[in-house]
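> Predicted model and sequence follow; I will ask about them next.
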Amino acid sequence: MVAAFYALARFGRAAARPSGPEPEFASRQHPPRVCVIVPLSGSDRRMGHCLESVLSQDYPDYEVLLVTRSRDEAAAAMARRVLEHRPTGARPCCRHIAGGPASSRGQKNHGLLAGIDVAANDREIFVFLDAARETPPTWLSNLTGPIARGETAVTTGYHHILPAKAGLPFLGRAVTVLFLQHLQETGWLTQPWGGNMAVSKNAFEELGVRAVWERNVVDDVSLAAILAQNGKKAKFVPGAQLCTPLENETLGNWCRWLTRQLLYLKFCLPGSWMIAGLLACLSAILPAAAIVRIAAASTGMLPAAEVLPDAVLLCLLLGTAFAWKTSHPSPGPPVRWLAASFATIFVAAFCHMKTLFARRILWRGILYTVSRGGCVEEIRDPGDEKRQE
C-alpha cells in the first residue's frame with residue numbers, strides 16, 4: 001500500500017502541470033507588492049534568528065507583520081527585540097501587532113485576520129509563515145513567483161523536520177512530515193500548508209476566505225476546502241522548501257500533533273479523512289498480518305510457500321523506507337530510520353482511531369469544540385480559568 005503510493009506520487013509529480021494561467025499579474029514588469037504575516041507564540045530560542053531571515057529576503061517590495069496574542073507574552077518580547085535592533089527606516093517595513101484573544105475562531109486565524117486588517121492597502125499578495133523556520137533569501141521570490149506569473153492564485157511550500165536526536169519520536173515525526181511532503185509534491189493531492197503559503201489578495205476576497213476563517217478552527221485545511229469547492233488548486237513550489245529543527249519530541253507529542261492534523265481533515269474535509277483512515281488501517285493491518293504469518297511459518301505452523309506474498313510486502317515496505325530516506329536531508333542511522341518508518345504506519349492508524357468520536361481540538365493550550373466544516377462552537381482556555389482562580 002505505502003509502496004504503491006510512493007510510485008503513484010512519483011508519477012503524479014512528473015505529470016503535474018499548471019491548470020491554466022490566471023492573468024492577474026502575468027503581464028506585470030514589477031513584482032506584486034507582498035505582505036508577510038508571521039503569527040508568533042511561545043519562546044523558541046531560534047525565533048529571533050528566523051525572523052531576521054524573513055527580513056533579509058531578496059524580494060524588492062514587501063512588508064512583515066509580526067502578530068502575537070498579547071503584548072506581554074514571551075513572543076511579543078521577542079518581536080520587540082527584533083524591531084529594536086533594526087535601523088530607523090530599514091526596509092522592509094516591519095510592525096508588531098497584538099491581535100488579542102480569539103472568541104469565535106482559532107487563535108491563529110484570529111491573528112492572521114488581525115494582520116490582514118492592518119496590512120497596507122496596496123498589498124497584492126498575502127504570505128503566511130510560521131515563525132520558527134529560517135528562510136533562505138530567495139524563499140519569498142520563489143513562493144510568490146507562480147502567482148506573479150499568473151499560473152495560480154495560491155501557492156504553498158513545505159518543510160523538512162531536522163531531528164536533533166535519532167530517537168523514535170524524532171525520526172517518526174520526520175518520516176510523517178516527509179510522507180506529507182510527498183503528498184504535497186503530487187500535484188493532484190497538493191493542499192496549502194499554513195506554515196508556508198501565499199494567496200493573492202484578489203483570490204482571498206473573491207473566494208470569501210475571511211468569512212470562513214472568522215468561524216473556523218484552522219487556516220490551511222479550511223482554505224483547502226474552499227479551493228476544492230471552487231474547483232481550484234494550490235501549486236506546490238519546491239524552491240520554497242524550509243527546514244524545521246526539532247530539539248524536543250516525545251511519543252505523546254508526536255501522537256497529539258498527528259491526531260490534530262487528522263481532526264482538521266475530519267471537520268473540514270471529511271471525505272479525505274475517511275480515505276486517510278482506510279489507507280492508514282490497511283497499511284497497518286497488512287504488514288502486521290504479514291509479520292504474524294512469517295513468524296508462524298518460522299515455527300512450522302504454516303508452509304513457507306504460503307508466506308511468500310507476505311515477505312514480498314515487507315520487502316516493498318523496506319525498499320520504500322530506504323527510498324524515502326534518500327530524499328531527507330538528515331535521516332539519521334539507516335536502522336533507526338527503518339524502525340521509525342514502520343512505527344509511523346501503526347502510529348498513523350492509532351491516531352486516526354482516536355479521531356473517530358472526537359469533537360474537540362487542543363491547540364497550544366486552548367481547547368476548541370468544533371462542528372462540521374471546522375466551525376468553532378466553544379473556546380476554553382484552561383490557563384485563563386486557572387488565573388481567575
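Ah, there it is. Numbers count the residues shown, from 1 in each chain.
> Run through the helices of the stretch 201-350 of the chain in chain order.
Applying DSSP state H, counting those that start in this stretch to the stretch 201-350 of the chain gives helices spanning 201-206, 209-213, 220-229, 251-268, 270-298, 308-325, 334-354.
> Packing partners of the fourth one?
With contacts defined as 3 or more CB pairs under 8 Å, 6 or more residues apart in numbering; DSSP states H and E, the secondary structure elements packing on helix 251-268 are helix 168-185, helix 220-229, helix 270-298, helix 334-354, strand 360-363. Every C-beta, even on glycine, is put in place using the N, C-alpha and C of the backbone.
> Which SSE is immediately downstream of the first one?
Just to be clear, that refers to helix 168-185. strand 196-200 (DSSP states H and E).
> Between helix 220-229 and that next one, find me the angle.
Strand 196-200 and helix 220-229 meet at an angle of 40 degrees, taking axes from the mean of the first three to the mean of the last three CA atoms, to 10 degrees as the criterion.
> which intervals of the protein have sub-threshold pLDDT?
For the chain, the stretches with pLDDT under 70 are 1-29, 382-389.
> Now for the residue nearest to Leu129 when sequence neighbours are not counted, how many residues are close by?
Distances taken as CB to CB, 6 or more residues apart in numbering place Val38 nearest to Leu129, at 5.1 Å, with adjacent residues excluded. Val38: 24 surrounding residues under other CB atoms under 10 Å.
> now swap in Pro333 and tell me
10.
> what do you get for the one 3 residues further on?
Using other CB under 10 Å, the number of residues around Arg336 comes to 17.
> Enumerate every residue touching the nearest residue to it once chain neighbours are set aside.
Of all residues not flanking Arg336 in the chain, Ala166 sits nearest, at 4.9 Å (CB to CB, 6+ apart). When contacts are counted by CB atoms under 8 Å, 6 or more residues apart in numbering, Ala166 touches Gly332, Pro333, Arg336.
> thinking again about what came up before, closest one to Leu242 among the helices of the stretch 201-350 of the chain?
Smallest distance to Leu242 across these (CB to CB): 14.7 Å, for helix 220-229.
> Now do the closest one and helix 251-268, the angle between them.
Using the same axes, to 10 degrees, helix 220-229 lies at 30 degrees relative to helix 251-268.
> Contacts made by helix 220-229 with the rest, please.
154, 191-195, 197, 199, 207-209, 212-213, 216, 233-234, 264-265, 268-269, 373-374.
> Recalculate using a threshold of 7 Å.
154, 191-194, 197, 207, 209, 212-213, 216, 233-234, 264-265, 268-269, 374 (CB atoms under 7 Å, 6 or more residues apart in numbering).
> ditto for stretch 278-297
Contacts of stretch 278-297 (CB under 7 Å, 6+ apart): 1-2, 302, 304, 307, 310-311, 313-314, 317, 345-346, 348-349, 352.
> So Lys108 is in contact with Trp213, correct?
No: counting by CB atoms under 7 Å, Lys108 does not reach Trp213; the two are 9.3 Å apart.
> Common neighbours of these two, please.
Common neighbours of Lys108 and Trp213 (criterion: CB under 7 Å, 6+ apart): Asp219.
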